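Student: quick one, structure for this:
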Amino acid sequence: MGFHRTISILAAVSLAIFFAGCSGKEGPKAHRLAEKNKTIKLEGKEKEDPYLSFIKANLLSMEDEPKKSTSEIKKLIQQEPKIAYHHYLLAQNYATEGLLPQAISSCQAAIELDPSLLEARLFLGKLYLAKESYAQAVKELRDVIRRDPSIEEAYIQLGRAHLGQKDYAAAIKAMQSLLRVNPDSSIAYYYIGSIYEQNLKQSDKAIAAFKAALEIEPNNVTIHHAVAEIYLAKKQLAKALEKYEEIARMEPEDISTQLRIALIHYEMKQYDKAIEVFERILASNPEADKILFYLGMLHESVDAPEKAMERFAEVPPNSTYYRDARLHLASLLREAGRSEEAIIAMREAAAAKPKTPEFHELLAALLEEQGDLPGALLVVEEARRINSKNEHLAFMQGILYERQGNRGKAVEAMQDVLKINPQNASAMNYIGYTYADSGERLSEALEYVQKALLLRPDDGYIMDSLGWVYFKMGDSEKALKYLMKADKLVPGEPTILYHIGEALLSQGKANEAINYLRRSLDAGEKRESPDKREIEKVRSRIEELKGSAR
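Tutor: Sure, this is the predicted structure:
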């Protein structure tokens, strides 16, 4: 909590004159001051004049030198220990230095010397507030109000003390008492509204109080913002928009308000209006990266990919929006059939931000899609050297090794994944399935897959792996149990259908087996990106079995 000094230089001089009078000296005249300056040295060893020390203390305080000011005030107190105001000033200095116990002690000394010094009583109340001694703060502040009901700040601080006690009714009552003294206190209505909104969650009463404040102070932007925020929280977007547009008319240069207006239009799906506002903001703030990103998103929303890509491309590498902007840019380029440009964009992004793993992941995916598996693998391997603890890159490396037919290295990569994150069920499932599919280390395969299924019990692919492990272990009954469950979880999955066919065949059910194999072949051929090797394997198996079917 900050404490603000309120004494101007002119006031300091006037008070110094008053204190000089209190100590039995004449009021200073110009010739008298000139005469004194011949003999008094502010920095010397001679006894200082109290009012000059007072001026010096205040000037030092105004220059943000509270320790030096405190030293001067302590000298004053030594010379004039009975002047309450000196103790009050010392309390202010202690508070500025964060020395609350000393500040409280000095304030109490001032009040003992002069019980009518209400500035000190009010300040003591603030000090107790800063110390979170709310009951003591309430006592002091009520005493100030009892002695002088016209001090508006005392009611405000009393309300804050009651808020500290979580006595919201008493806090509102304090503001209502202020309104009886000053019916035109907009701040009292503002505090009432804030308590209703923030503490009591009664937004209708809060809005009523804020509107009463605006009748007194119609151009108070803070209060207008408070009303607008309530409308936003209640999802009353039209009312929020109307209020923010009113604020924008009062503060046309305020960017944050314009942003709010644009985002509300976006929420209301009024994309053209949102774009219009964002473009207006961008015209006066051409380097506003946040606006560039939002505009890209908006153009993407209204199916204007060229404009979206233009805006995303303008977001600079030092922006917190750069990652998302580049990923959107590359995706839009790919969708537009411009994969080579997407690859270039991702290479540039990965070079600018090598520690951003998503850039390497998307770049590798784009290269793989283009048929450049070695290039994709090289990208991921280089990325892993920079981001060695990134499990997504390690997993992707394993998948790429799998695509190259190098299952040994794929398993090693998946084991790296588990070193990074021992709870990665996908890596467990991959290792277990790979061991089972090759018919080796079946007990380990079973352990890996069972652990994976514990983590993801409703995952049809892991359920399929468990069934396949049991099949390879020669237990076709258990195998079919889990494979059928997998088929229900992931209907029409070619690999699961193929596994069911093989398990049925091992039980001598050739006709049922061929039926499932045909379903597997059909599902595989209908995929968006058919796996030609898998399709050929299933087709060959069907041909092989035709003669044995009855």
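
Student: surely residue 448 and residue 435 touch.
Tutor: Yes - assessed by C-beta atoms under 8 Å, residue 448 is found in contact with residue 435 at 7.3 Å. Glycine gets a C-beta too; all of them are placed from N, C-alpha and C.

Student: any stretches of the stretch 251-400 of the chain with poor pLDDT?
Tutor: In the predicted model of the stretch 251-400 of the chain, no residue satisfies pLDDT under 70.

Student: go again with 90.
Tutor: The stretch 251-400 of the chain contains residues with pLDDT under 90 at 252-256, 259, 280-288, 290, 301-302.

Student: can you show me the helices along it?
Tutor: Using DSSP state H, counting those that start in this stretch, the helices found in the stretch 251-400 of the chain span residues 255-267, 271-284, 289-301, 305-314, 322-335, 339-352, 357-369, 373-386, 391-403.

Student: and residue 377, how far from residue 402?
Tutor: For residue 377, the distance to residue 402 (C-beta to C-beta, to the nearest Å) stands at 11 Å.

Student: tell me which of the two has more neighbours.
Tutor: Taking other C-beta atoms under 10 Å, residue 377 and residue 402 do not tie; residue 377 has more neighbours (22 against 17).

Student: for that one, which non-adjacent residue is spatially closest?
Tutor: residue 400 (4.7 Å; C-beta to C-beta, 6 or more residues apart in numbering).

Student: sorry, back to before: can you check which of the helices of the stretch 251-400 of the chain gets nearest to residue 511?
Tutor: Among those, helix 391-403 comes nearest to residue 511, with 33.6 Å by C-beta to C-beta.

Student: give me the most central residue, this protein.
Tutor: In the chain, the centroid-proximal residue (C-alpha atoms, centre = their mean) is residue 320; its distance is 12.7 Å.

Student: contacting residues for the closest residue to that residue other than its chain neighbours?
Tutor: Of all residues beyond its chain neighbours, the one nearest residue 320 is residue 289 (7.7 Å), with distances taken as C-beta to C-beta, 6+ apart. The contact partners of residue 289, taken as C-beta atoms under 8 Å, 6 or more residues apart in numbering, are 315, 316, 319, 320, 321, 322.

Student: which of residue 448 and residue 435 has more residues huddled nearby?
Tutor: Between residue 448 and residue 435, counting by other C-beta under 10 Å, residue 448 is the more crowded of the two (27 against 24).

Student: state the distance from the more buried one to residue 481.
Tutor: Separation of residue 448 from residue 481 (C-beta to C-beta) stands at 19 Å.

Student: cool, residue 274 as well?
Tutor: Counting by C-beta to C-beta, the separation of residue 274 from residue 481 is 55 Å.

Student: who has more neighbours, those two?
Tutor: Taking other C-beta under 10 Å, residue 274 and residue 481 do not tie; residue 274 has more neighbours (24 against 16).

Student: would you agree that one is in contact with residue 259?
Tutor: No - here residue 274 does not reach residue 259: they are 10.4 Å apart, not a contact under C-beta under 8 Å.

Student: list the contacts for the closest residue to residue 490 other than its chain neighbours?
Tutor: Among residues not flanking residue 490 along the chain, residue 460 sits closest, at 3.4 Å (C-beta to C-beta, 6+ apart). Counting by C-beta under 8 Å, 6+ apart, residue 460 makes contact with 485, 486, 487, 488, 489, 490, 493, 496.

Student: among the residues you listed, which are in helices?
Tutor: The members of those that map onto helices under DSSP state H are 485, 486, 487, 488, 489, 496.

Student: residue contacts, the first one?
Tutor: The reference is to residue 485. Applying C-beta under 8 Å, 6+ apart to residue 485 gives the contacts 460, 463, 467.

Student: before we move on, which element is residue 247 in?
Tutor: Here residue 247 sits within helix 237-250, counting by DSSP states H and E.

Student: taking the contacts of residue 460 together, which two end up most distant?
Tutor: The largest separation in the contacts of residue 460, counting by C-beta to C-beta, is between 485 and 493 at 12.4 Å.

Student: pLDDT on stretch 436-456, on average?
Tutor: Mean pLDDT, computed over stretch 436-456, is 95.

Student: quick one on the thing from earlier: number of residues surrounding the residue nearest to residue 377?
Tutor: 25.

Student: again with the one 10 residues further on
Tutor: When counting by other C-beta under 10 Å, one arrives at 21 neighbours for residue 410.

Student: residue 445 and residue 395, how far apart?
Tutor: Here the criterion is C-beta to C-beta. By it, residue 445 lies 19 Å from residue 395.

Student: ok, now residue 314?
Tutor: Distance, residue 314 to residue 395, by C-beta to C-beta: 33 Å.

Student: and the two? Which one has more around it.
Tutor: Neighbours per residue (other C-beta under 10 Å) separate residue 314 from residue 395, with residue 395 holding more: 22 against 19.

Student: quick one: what helix or strand has the closest residue in space to the more buried one that isn't next to it in sequence in it?
Tutor: The shortest distance from residue 395 to any non-neighbouring residue, by C-beta to C-beta, 6+ apart, is to residue 417 (5.1 Å). Assessed by DSSP H and E, residue 417 sits inside helix 407-420.

Student: quick one: contacts for residue 400?
Tutor: By C-beta under 8 Å, 6+ apart, the contact set of residue 400 is 364, 368, 373, 376, 377, 380.

Student: and the fifth one, what is it in contact with?
Tutor: It refers to residue 377. Neighbours of residue 377 in contact, by C-beta under 8 Å, 6+ apart: 364, 397, 400, 401, 404.

Student: can you list these in CSV and add distance to residue 182?
Tutor: Shown next, in CSV, are those (distance: C-beta to C-beta, whole Å):
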residue, distance to residue 182
364, 69
397, 72
400, 74
401, 77
404, 81
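
Student: by neighbours, which of those wins?
Tutor: Neighbour counts for the contacts of residue 377, by other C-beta under 10 Å, peak at residue 364, which reaches 28 neighbours.

Student: I figured that residue hits residue 372, correct?
Tutor: No - using C-beta under 8 Å, residue 364 is not in contact with residue 372; the gap is 9.4 Å.

Student: what helices or strands is the longest helix seen in the chain leaning on?
Tutor: For the chain, the helix reaching the highest residue count under DSSP H is reported as helix 510-525. Under the contact definition 3 or more C-beta pairs under 8 Å, 6 or more residues apart in numbering; DSSP states H and E, helix 510-525 sits against helix 494-506, helix 532-545.

Student: quick one: low-confidence ranges for the stretch 51-200 of the chain?
Tutor: Scanning the stretch 51-200 of the chain for pLDDT under 90 picks out 51-81, 83, 85-86, 89-90, 92-98.

Student: for it, just list every one of the strands.
Tutor: Ranges of strands within the stretch 51-200 of the chain: none, based on DSSP state E, counting those that start in this stretch.

Student: which residues in it form helices?
Tutor: Under DSSP H, counting those that start in this stretch, the stretch 51-200 of the chain gives helices at 66-79, 84-96, 100-113, 118-130, 134-147, 152-164, 168-181, 186-194.

Student: can you list the ones you listed in CSV and add mean neighbour count and distance to residue 501?
Tutor: CSV is the format used below for the helices of the stretch 51-200 of the chain (neighbours: other C-beta atoms under 10 Å; distance: least, C-beta to C-beta, whole Å):
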stretch, mean neighbour count, distance to residue 501
helix 66-79, 18, 86
helix 84-96, 24, 83
helix 100-113, 20, 80
helix 118-130, 23, 77
helix 134-147, 19, 76
helix 152-164, 22, 71
helix 168-181, 18, 70
helix 186-194, 23, 69
